[in-house]
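Asker: Structure of the sequence below:
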Amino acid sequence: LIMKEAIKNDVQIIPVDSEHSAIFQCIKNDNNDIYKIILTASGGPFRTKTKEDIMQAKVSDALNHPNWSMGKKVTIDSATLMNKGLEVIEAKWLFNIPSDKIEVCIHPESIIHSMVEYVDGSIIAQLGVPDMRLPIQYALTYPYRINAPNERLKLSKVKQLCFEEPDYKRFPCLKLAYEALNLGDSACIVLNGANEIAVNSFLQGRIKFTDIYKLVYSVLENHKITVVTSLDDVQLIDKWSRNKSIELLKRGGYSICH
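Answerer: Numbering: from 1, shown residues only. Sure, this is the predicted structure:
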């Protein structure tokens, strides 16, 4: 809905999120030149933890992000990798790119904020210290650049940059976001609403960390895909998602073997 309005009014949407800002800065030509978008993810606090460790995770463990200082909701989303799933959904609409051309890559240093691979095999990346002031400032001053107060990146101090494939078995929320995106229309709204209720419930100590995925999965399973044509549709679907999440929480109807 938003992108249609942007086109209708001949305006450009400038992303603020660090990953989408990075992609925006890397894209210079027509989207037909793009082979794929590579969204980088730090991997969160559980990147090196086993599935068993993650099952026993406490709120304090999930809030202990290695690189970024963020609010509690976003930090938990980073721990489940749901944040990266939501960013995949954003990237699809912001850059008019199909989901099969959007790849997530674990990059624990959080120095490369995202990359664009072109059809000729060239990969263009945007690098910088993990500081949100840079993408925020760029959005405010675009298309110009001005001096910034943040620390400057010194590659000699970084020494190495590491990359890993995401583990969908340990972090199934990321795969669930792709599935919701491919289902289309109302599924992504349901995913987001259910996730907000699930994360809040985890922060309150009502459910386990791994129950976040289970609850969101169950709400999606209970949802019948509907076509979204207006903001009223969005609000109604979001309300249904949250109410269904609360209902499943009350009767414990979200336990699944998956």
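Asker: Show the average pLDDT along stretch 77-89.
Answerer: Throughout stretch 77-89, pLDDT has a mean value of 97.
Asker: Just give me the neighbour total for Leu215.
Answerer: 25 (other CB atoms under 10 Å). C-beta: built from backbone N, CA, C; applies to glycine.
Asker: Checking my notes, Asp10 in a strand, right?
Answerer: No. Read with DSSP: H, G, I helix; E, B strand; the rest coil, Asp10 is coil and lies in no strand.
Asker: In the stretch 151-258 of the chain, mark out all the helices, start to finish.
Answerer: With helices called from DSSP state H, counting those that start in this stretch, the stretch 151-258 of the chain shows them at 155-158, 172-183, 187-203, 211-221, 231-251.
Asker: Glu164 is nearest to which of those helices?
Answerer: Nearest to Glu164 among these is helix 172-183 (12.9 Å), distances taken as CB to CB.
Asker: give me every residue that touches the spatially most central residue of the chain.
Answerer: Residue closest to the average C-alpha location in the chain (CA atoms, centre = their mean): Lys84, at 2.5 Å. Neighbouring residues of Lys84 by CB atoms under 8 Å, 6 or more residues apart in numbering: 39, 41, 78, 104, 166, 174, 177.
Asker: A helix includes it, no?
Answerer: Yes. Under three-state DSSP, Lys84 falls within a helix.
Asker: which non-adjacent residue is nearest it?
Answerer: Leaving out its chain neighbours, the residue that sits closest to Lys84 by CB to CB, 6 or more residues apart in numbering is Ala41, at 4.5 Å.
Asker: Burial check on that neighbour, number of neighbours?
Answerer: Around Ala41 there are 24 residues (other CB under 10 Å).
Asker: that older thread, can you lay out the helices of the stretch 151-258 of the chain as JSON lines showing mean pLDDT and distance to Ile23?
Answerer: Below are these laid out as JSON lines (pLDDT from 0 to 100; distance: least, CB to CB, whole Å):
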{"stretch": "helix 155-158", "mean pLDDT": "92", "distance to Ile23": "21"}
{"stretch": "helix 172-183", "mean pLDDT": "97", "distance to Ile23": "16"}
{"stretch": "helix 187-203", "mean pLDDT": "97", "distance to Ile23": "19"}
{"stretch": "helix 211-221", "mean pLDDT": "97", "distance to Ile23": "26"}
{"stretch": "helix 231-251", "mean pLDDT": "96", "distance to Ile23": "24"}
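Asker: Is it possible to get a markdown table of those helices that adds distance to Tyr142?
Answerer: As requested, those are arranged in a markdown table below (distance: least, CB to CB, whole Å):
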| stretch | distance to Tyr142 |
| --- | --- |
| helix 155-158 | 25 |
| helix 172-183 | 27 |
| helix 187-203 | 27 |
| helix 211-221 | 34 |
| helix 231-251 | 27 |
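Asker: ok, what's across the strand from the residue nearest to Lys84?
Answerer: Counting by DSSP bridges, Ala41 forms beta bridges with Ile106.
Asker: From Val88, how far off is it?
Answerer: 10 Å (CB to CB, to the nearest Å).
Asker: cool, Thr75 as well?
Answerer: Distance of Thr75 to Val88, computed by CB to CB: 19 Å.
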